[in-house]
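[1] Sequence below, structure please.
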Amino acid sequence: MRYLLPALIMTTLLAAIHTYLWHRLFKAPAWGWHWSLIGAIVLSLLALSVVAAMVLQFAEGFPEGAARLVATVAFVWMGALLLFAVSVGAADLLRWLVHLCLGERAGSPIMWTRGAALVGALSASALSIVALIGASSPALKRIDIPVTGLPASLRGFTILQLSDLHVSSITRREWVSAVVERANALNPDIVAITGDLVDGSVEKLAHDVAPLAGLKSRLGVYFTTGNHEYYSGAGEWLRHLPTLGIRTLQNELVELEGLPIDLVGIPDATGASTSFTDAGPGPDLAKAMARHQQGRVAVLMAHQPTQCRGEAMREVDLALSGHTHGGQIWPFMYLVKLQQPFVSGLYRLANRSWLYVSNGTGTWGPPMRLGAPSELTLLTLVEGGDGTGTEGEGLTRAPGR
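    Down below sits the predicted model:
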């Protein structure tokens with residue numbers, strides 16, 4: 001029942017956007033009744049694919065291959081739909097402004113209506129192709145994190161952050177293997193997975209996440225939950241990940257072997273909701289930091305940037321977050337700012353802590369990126385100075401199995 005209202009809102013919004021696109025691309029330009037009919041059928045089927053994909057996430061016994069096909073079509077269309085709505089809307093607005101300013105001097109209204117439809121459709125199609133390509137190759141981003149008074153034993157200490165992989169029905173095992181291969185080549189001191197690893201149950205995705213067992217680092221692989229784990233059976237995943245050699249941190253602090261550095265992990269705030277059973281505790285940064293001793297460097301893993309606040313943050317040197325995807329598809333980054341104070345990149349907080357917000361390694365929903373490239377992030381601790389970063393070569397998404 002908790003999904004009923006969001007589902008009704010989403011369905012209404014989908015219907016409204018598809019109706020608008022049908023009117024502006026087929027009906028208003030008066031291409032002919034047959035094109036209007038074809039447009040109505042195609043857009044209706046695409047809208048239904050989105051609804052079907054959402055339902056199939058919770059369905060049991062549906063053929064896996066068919067479910068993947070429906071999900072792929074639906075999620076690609078979801079991204080394209082946003083770009084079509086923006087592009088067609090912008091072209092339509094331009095057409096309206098021209099007629100408002102020039103009146104009859106603007107020429108034939110139907111000519112402008114058809115022109116706006118063609119420009120909007122072609123622009124959206126081109127942007128969709130660019131966005132699909134943009135999601136196929138997560139970049140390697142190298143970030144230097146200056147820590148005042150950094151002990152000599154920690155100078156050059158490296159943390160590989162993976163975040164928001166969103167392994168799901170449209171993410172293949174081969175892509176996960178490629179991420180692992182690239183991560184291992186960087187030979188980090190630790191790997192920190194900052195939530196939203198999966199979109200689905202252990203039963204459905206165990207095969208696809210299995211390559212994560214091959215992740216290697218000098219001092220271990222660590223994970224803390226994101227909000228999507230709670231939609232996917234967080235309790236099961238928290239029991240399954242240790243079988244892959246991944247240590248889960250739920251309001252816990254780990255003193256890294258023989259070094260003056262603590263790794264702290266808190267669960268996503270979603271876990272505090274009574275709607276989720278078997279999910280473990282909600283976030284408690286004060287509890288997690290209770291064993292931290294002055295003079296030791298503290299690195300915090302917290303899925304959402306909004307969690308990096310409170311008195312306990314005074315002792316944190318570096319916080320690692322994800323969740324925002326950097327907006328993933330333009331112009332969503334402007335909407336994300338309404339909900340999250342930090343969207344992408346390295347920030348200096350008021351208490352002098354550093355916060356790094358990853359764009360994410362994978363994608364959620366549409367396998368598309370526009371204006372917010374996905375990333376593998378290698379953070380290196382250095383003495384003093386300002387935080388810096390460079391982007392390197394990408395990782396090619398492997399073909400499906």
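[2] Look up the pLDDT of the residue nearest to residue 272 when sequence neighbours are not counted for me, please.
    Counting by Cβ to Cβ, 6 or more residues apart in numbering, residue 282 is the residue found nearest to residue 272 once chain neighbours are left out, at 2.8 Å. Any C-beta I mention is one placed from the backbone N, CA and C, and that applies to glycine too. Note on residue 282: pLDDT of 82.
[3] Backbone torsions only: list them for the residue sitting nearest the centre point of the chain.
    Nearest to the geometric centre of the chain sits residue 325, at 3.8 Å (Cα atoms, centre = their mean). Backbone torsions of residue 325, given as degrees, to the nearest 10, read phi 60, psi 10.
[4] Distance check, the residue lying closest to it once chain neighbours are set aside against residue 9.
    Excluding its sequence neighbours, the residue lying closest to residue 325 (Cβ to Cβ, 6+ apart) is residue 360, at 4.7 Å. Relative to residue 9, residue 360 is positioned 25 Å away (Cβ to Cβ, to the nearest Å).
[5] Give me the more crowded residue out of the two.
    residue 360 (30 against 10; other Cβ atoms under 10 Å).
[6] Now do the same contact list for the more buried one.
    163, 164, 165, 166, 196, 322, 324, 325, 326, 328, 374, 375 (Cβ atoms under 8 Å, 6 or more residues apart in numbering).
[7] Can you get me a residue count around the fourth one?
    Meaning residue 166. Residues near residue 166, counting by other Cβ under 10 Å: 22.
[8] Ok, residue 26 next?
    Count around residue 26 with other Cβ under 10 Å applied: 21.
[9] again with residue 363
    Neighbour tally, residue 363, other Cβ under 10 Å: 29.
[10] State the distance from the residue nearest to it when sequence neighbours are not counted to residue 170.
    Leaving aside its sequence neighbours, residue 363 sits nearest to residue 135 (Cβ to Cβ, 6+ apart; 5.1 Å). Look at residue 135 and residue 170: by Cβ to Cβ, they are 11 Å apart.
[11] Touching both of those two, which residues are there?
    With Cβ under 8 Å, 6+ apart, residue 135 and residue 170 have common neighbours residue 367.
[12] Have a look at these two and say which one is more surrounded.
    Higher neighbour count among residue 135 and residue 170: residue 170, with 24 against 21, using other Cβ under 10 Å.
[13] Would you mind measuring from the more buried one to residue 258?
    Counting by Cβ to Cβ - residue 170 and residue 258 are separated by 42 Å.
[14] all strands of the stretch 251-400 of the chain, in order?
    252-255, 261-265, 297-301, 318-321, 345-348, 354-357, 375-383, 388-394 (DSSP state E, counting those that start in this stretch).
[15] closest one to residue 30 among those?
    strand 388-394 (45.0 Å; Cβ to Cβ).
[16] I'd like the mean pLDDT over that closest one, please.
    pLDDT averaged over strand 388-394 gives 47.
[17] the strands in the stretch 51-200 of the chain, which residues?
    Secondary structure of the stretch 51-200 of the chain (DSSP E, counting those that start in this stretch): strands located at 139-147, 158-162, 190-193.
[18] What strands flank the last one, and is each parallel or antiparallel?
    Pairing partners of strand 190-193, with direction, according to DSSP bridges: strand 158-162 (parallel), strand 221-223 (parallel).
[19] Serialize those to TSV and add fields for mean neighbour count and mean pLDDT.
    As requested, the strands paired with strand 190-193 are arranged in TSV below (neighbours: other Cβ atoms under 10 Å; pLDDT from 0 to 100):
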stretch	mean neighbour count	mean pLDDT
strand 158-162	23	97
strand 221-223	24	97
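[20] For the ones you listed, give me JSON lines that also has distance to residue 234.
    What follows is these, written out as JSON lines (distance: least, Cβ to Cβ, whole Å):
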{"stretch": "strand 158-162", "distance to residue 234": "18"}
{"stretch": "strand 221-223", "distance to residue 234": "11"}
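[21] out of these, nearest to residue 272?
    strand 221-223 (18.4 Å).
[22] Now do the helices in this structure.
    Taking DSSP state H to define them, one finds helices in the chain at 4-22, 33-56, 64-102, 109-134, 173-185, 202-209, 227-231, 234-240, 285-288, 332-336.
[23] highest average neighbour count across those?
    Per-stretch averages of neighbours, counted by mean count of other Cβ atoms under 10 Å, single out helix 227-231 among the helices of the chain, with a mean of 22.
[24] what does stretch 165-173 contact?
    Stretch 165-173 is contacted from outside by 56-57, 64, 67-68, 71-72, 75, 176, 179, 193, 196-200, 204-205, 207-211, 228, 360-364, 367, 398-401, using Cβ under 8 Å, 6+ apart.
[25] Need the winner for burial among the strands of the stretch 51-200 of the chain.
    strand 190-193 (a mean of 25).
[26] which phi and psi does the residue nearest to residue 363 have?
    When read as degrees, to the nearest 10, the backbone of residue 135 gives phi -90, psi -10.
[27] Pull the contacting residues for it.
    Shown in contact with residue 135 (Cβ under 8 Å, 6+ apart): 363, 366, 367, 368, 369, 374, 397.
[28] phi, psi of residue 259?
    Dihedral angles for residue 259 - degrees, to the nearest 10 - are phi -120, psi 150.
[29] Mind pulling up the pLDDT for the closest residue to it other than its chain neighbours?
    Excluding the flanking residues, the one nearest residue 259 by Cβ to Cβ, 6+ apart is residue 153, at 5.8 Å. Per-residue pLDDT puts residue 153 at 93.
[30] now do residue 50
    Residue 50 is given a pLDDT of 87.
[31] go on, residue 277?
    pLDDT recorded at residue 277 is 56.
[32] My guess is residue 343 contacts residue 324. True?
    Yes: using Cβ atoms under 8 Å, residue 343 is in contact with residue 324, at 5.0 Å.
[33] out of these two, which sits in the busier spot?
    Legend: neighbour count by other Cβ under 10 Å for residue 343 and residue 324, higher for residue 324 (25 against 21).
[34] and that one, what does it touch?
    305, 336, 340, 342, 343, 344, 357, 359, 360.
[35] ok, it to residue 309 distance?
    16 Å.
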